[in-house]
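Chemist: Got a predicted structure here, sequence first:
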Amino acid sequence: MTASDTSILAYDSSDEYRPEPAPEPQAPAWRDGSVRIGIHTSIAQGFAGSLESARKLGCNALQIFSASPRMWPRVGARIPEMEAAEFRAKRAEFGLGPLVIHANYLINLATSDPVLRVRSIQAFHDEMVRGAALGADYLVVHPGSSRGKTSAQAIRDVAQAIRQAARGARLCAKFGDLRDCRLRLLLENTSGMGAAIGSRFEELKAILEGAPELPLGVCLDTAHAFHAGYDIRSEAGLAQTIAALDRTVGLARVAVLHVNDSKTPFASRVDRHEHIGRGKIGLEAFRRILNHPSFSASAGRTGSVGNKVQEVANENGKFNCSSGSRPGRAFLLETPIDAPGDDRRNVRRLWDLVGIAVKQAPRAQNGFTMLARKATIRSGSSSRATNRSEGPLRNLPRTKKSRLSKG
Ligand SMILES: [Zn+2]
Ligand SMILES: [Zn+2]
């Protein structure tokens, strides 16, 4: 190298790259204060297929699995970036949000079995990685169950397992910062079957406190709360339940509600979901739940329900969550699909309950159902033709029908 060459390579401060100031992070469009309603949607037709289904069912939010929920995915199972990018682009195009991922049912973060514990932590970490790749907003997990442990021990173990699983995952920095769009983790309350923990809000709170550095919140399942002894059927019971939730985890941490009616009676501790209004909780109770100001999807909103409302920010530009409202809070169904169209009808029922007419709600495709895709395509948009084609599909194997009825 000659002397003139080295002068070219010499450092010149005027060459220094000066990036534009980073733009202020923006809250995603789905946090505009509008009511967000969705259903657990099948990935059987691929990740992009779940978005199509959600749209055709009249949803503006959705929940999916990121892999088969009842078997262990291969350790380190990832989603190819091309598929993830296609999914993210399509989701943005459809305006669906939030996107919630339900973690695999085999994960047990409270287990006393050391092999299962390691496997669960690894699988939960992989869920976080896949969730981040898909651009998901929330990852929901059940705290787990443990025999031969005190509840305090189980809670410590769950918090520790979540912290281990979160190492190296791309998570949101602070749960309350609504402009940070990265993945948050949500613990789901349980029915309290067997040795399951997390049926009491106090237990969820204790787990949250055990991992204070993580963006941890709660997903409230109405059927599970009912099974666990929170009587949300009456106005007074709902008020007490909400007060208990606020006292413990705090309403601002409740980002998602799983809206399910129950086949099983109050305080049964047995988890069976039912269509909205057809179970032991009942339609009027769901009307109160969906319209309760504490569960409002809009910041600072109290009372009346509309499709779109103005966001309210305080003088610091922070969203006001003090009344329990949280922009973008979603109501997601995990109701059974016993007959074709049950999925669409349950979605429509939620829109009815919040007082949003067919014309104002996201448009559903007449006759579409996740159970009878082929029949729907054949029969086009005529509802009579759809009804006729539903006949033989009623005989689908029971396991397929009820696959989405738990969770
Ligand atoms: Zn669940
Ligand atoms: Zn659930």
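Modeler: Great, that's in hand. Numbers count the residues shown, from 1 in each chain. Ligands and ions are numbered 1, 2, ... in the order given.
Chemist: okay, CA-based contacts and neighbour counts for the rest of this
Modeler: Fine.
Chemist: Tell me which residues touch residue 43, please.
Modeler: Contacts were defined as Cα atoms under 8 Å, 6 or more residues apart in numbering; by that measure residue 43 touches 49, 50, 64, 65, 66.
Chemist: Can you name the residues of the stretch 201-350 of the chain that neighbour ligand 2?
Modeler: Where the stretch 201-350 of the chain comes near ligand 2, counting by Cα under 5 Å from the ion, the residues are residue 221.
Chemist: Residues in contact with stretch 213-224: which ones?
Modeler: Stretch 213-224 has contacts (Cα under 8 Å, 6+ apart) with 140, 163, 171-175, 184-192, 199, 204, 208, 232, 249, 253-262, 269, 271-273, 281.
Chemist: Okay, strands next: where are they in this protein?
Modeler: With strands called from DSSP state E, the chain shows them at 36-40, 61-64, 99-102, 138-141, 184-188, 216-221, 254-259, 261-262, 273-274, 330-333.
Chemist: Please produce a markdown table containing those strands, extended by mean pLDDT and mean neighbour count.
Modeler: Formatted as a markdown table, the entries for the strands of the chain read as follows, by pLDDT from 0 to 100; neighbours: other Cα atoms under 10 Å:
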| stretch | mean pLDDT | mean neighbour count |
| --- | --- | --- |
| strand 36-40 | 98 | 28 |
| strand 61-64 | 98 | 26 |
| strand 99-102 | 98 | 26 |
| strand 138-141 | 98 | 27 |
| strand 184-188 | 98 | 26 |
| strand 216-221 | 98 | 25 |
| strand 254-259 | 98 | 25 |
| strand 261-262 | 98 | 28 |
| strand 273-274 | 98 | 25 |
| strand 330-333 | 98 | 28 |
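Chemist: want to throw those into CSV with distance to residue 345?
Modeler: Listed next are those as CSV, based on distance: least, Cα to Cα, whole Å:
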stretch, distance to residue 345
strand 36-40, 11
strand 61-64, 15
strand 99-102, 21
strand 138-141, 24
strand 184-188, 25
strand 216-221, 20
strand 254-259, 14
strand 261-262, 14
strand 273-274, 13
strand 330-333, 11
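Chemist: right, and the ones you listed - which one's nearest residue 116?
Modeler: strand 138-141 (15.7 Å; Cα to Cα).
Chemist: Residues touching the closest one, excluding its own?
Modeler: Here strand 138-141 makes contact (Cα under 8 Å, 6+ apart) with 98-104, 127-128, 131, 183-188, 219.
Chemist: Residue 106 versus residue 171, what's the distance?
Modeler: Residue 171 sits 22 Å away from residue 106, taking Cα to Cα, to the nearest Å as the criterion.
Chemist: got it, and residue 79?
Modeler: From residue 79 across to residue 106, the span is 20 Å (Cα to Cα).
Chemist: in the sheet, who's paired with residue 185?
Modeler: When assigned by DSSP bridges, residue 185 has beta-bridge partners residue 139, residue 216.
Chemist: mind listing what it touches?
Modeler: Neighbouring residues of residue 185 by Cα under 8 Å, 6+ apart: 138, 139, 140, 141, 215, 216, 217, 218.
Chemist: what does residue 102 give?
Modeler: With contacts defined as Cα under 8 Å, 6+ apart, residue 102 is in contact with 63, 64, 65, 66, 139, 140, 141.
Chemist: Counting neighbours, what do you get for the third one?
Modeler: It refers to residue 65. The burial count assigned to residue 65 is 21, neighbours taken as other Cα atoms under 10 Å.
Chemist: Over to it: give its phi and psi.
Modeler: The phi and psi torsions at residue 65 (degrees, to the nearest 10) take the values phi -90, psi 150.
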